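Peer 1: Any chance you can model this:
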Amino acid sequence: MTHAETSARPRRPKEETARLGDAIYERDIKTRVEANHRGEFVSIDVDSGRWAISDDLLTAAKRLREQSPDAIDVWSVRVGHRALHHFGGRPLRRPE
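Peer 2: This next block holds a predicted model:
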């Protein structure tokens, strides 16, 4: 896909990007990162399935953009958590 083609393509609805990103994470990424990267961030290009990981959300997104500069629909997850961030109290962790 060329830059002109990706620029002309509209973004997916956020819910569709979330559904695709979660499916890719569960199917292709989770087993590779859960044991050694708990709490780190994964950014996923839902079109190509490419992904990048870092202990910082912005760095994960930047690494993904280096691999997939034309990515339009990107979904991010936090390894071992149900949410990217938490506010007060305890973090939302996935059951072990």
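
Peer 1: all contacts plus neighbour counts: C-alpha atoms, from now on.
Peer 2: Fine.

Peer 1: any chance you could map the helices in the chain?
Peer 2: Using DSSP state H, the helices of the chain run over 3-8, 14-24, 30-33, 57-67.

Peer 1: Mind checking these for the one nearest to Phe41?
Peer 2: Nearest to Phe41 among these is helix 57-67; the distance by C-alpha to C-alpha comes to 5.5 Å.

Peer 1: got a list of contacts for that closest one?
Peer 2: Residues from elsewhere that reach helix 57-67 (C-alpha atoms under 8 Å, 6 or more residues apart in numbering): 40-45, 50-54, 71, 76.

Peer 1: and if we set it to 7 Å?
Peer 2: 41-43, 51-54, 71 (C-alpha atoms under 7 Å, 6 or more residues apart in numbering).

Peer 1: Same list (the residues you listed) but as CSV, adding distance to Ala83.
Peer 2: Output for the contacts of helix 57-67, formatted as CSV (distance: C-alpha to C-alpha, whole Å):
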residue, distance to Ala83
Phe41, 10
Val42, 12
Ser43, 13
Trp51, 18
Ala52, 18
Ile53, 16
Ser54, 16
Ala71, 22
